[in-house]
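[1] Fold the following, please.
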Amino acid sequence: MVNINATLIAQALNFLILLFILAKFAYKPLLKVMEERKEKIANDLKAADQAKADAEAVKAEYAAKLAEAKAEAQEIIDNARKTAAAAHDKIMADTKAEQEQVIAAAKESIALEQKKAMEQIRSQVIDLSMAVAGKIVEQKLGSEEDKALAAKITDSLMK
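    Residues are numbered from 1 along each chain as shown. This next block holds a predicted model:
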């Protein structure tokens, strides 16, 4: 059996008083500190979540701006290509037109030179024909009628 004496009662009473003092002065402030810490951690978690959401928003905005910049850069490149192609086409057309003008001028010049050469040949043939005819007939042919006749014969032979 348990022997209850005054020491045991005094120790139990001291324990209860200590428990009351601890509950009054230590437990409630400790609970208060723990509650404050719990709230601080919750607030820090909310702030971290908010910071993460803000970072995600900034990241999304950055990605959108990057995509916009890439699209704008691609548009600039496409415009530059179109401009270069148009300039190339214009240069090619101008060059072709210039080439055609040069060819036409050359053909014209050749035709003119050919015509001059034919006139010179015609004139020389007439002179030679008259000289040959003069020697054959042994007289000098110099009248305008003789020259006209020789020109007519030469023209018929050259055609």
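[2] Can you tell me the centre-most residue of this structure?
    With distances taken as C-alpha atoms, centre = their mean, I77 lies nearest the centre of the chain, 1.2 Å away.
[3] Which element, helix or strand, includes it?
    Using DSSP states H and E, I77 sits in helix 28-137.
[4] Any idea how far that helix is from the middle of the chain?
    7 Å (C-alpha atoms, centre = their mean, to the nearest Å).
[5] other SSEs contacting it?
    helix 144-158 (3 or more C-beta pairs under 8 Å, 6 or more residues apart in numbering; DSSP states H and E). C-beta here means a position set from N, CA and C on the backbone, and glycine is covered the same way.
[6] list the helices and strands the helix it packs on packs on?
    Applying 3+ C-beta pairs under 8 Å, 6+ apart, we find helix 144-158 packed against helix 28-137.
[7] okay, now D146: neighbour count?
    Applying other C-beta atoms under 10 Å, we find 16 residues neighbouring D146.
[8] and the nearest residue to it once chain neighbours are set aside, how far is that from E119?
    Nearest in space to D146, with sequence neighbours left out and distances taken as C-beta to C-beta, 6 or more residues apart in numbering, is M130 at 6.6 Å. Going from M130 to E119 by C-beta to C-beta, to the nearest Å gives 17 Å.
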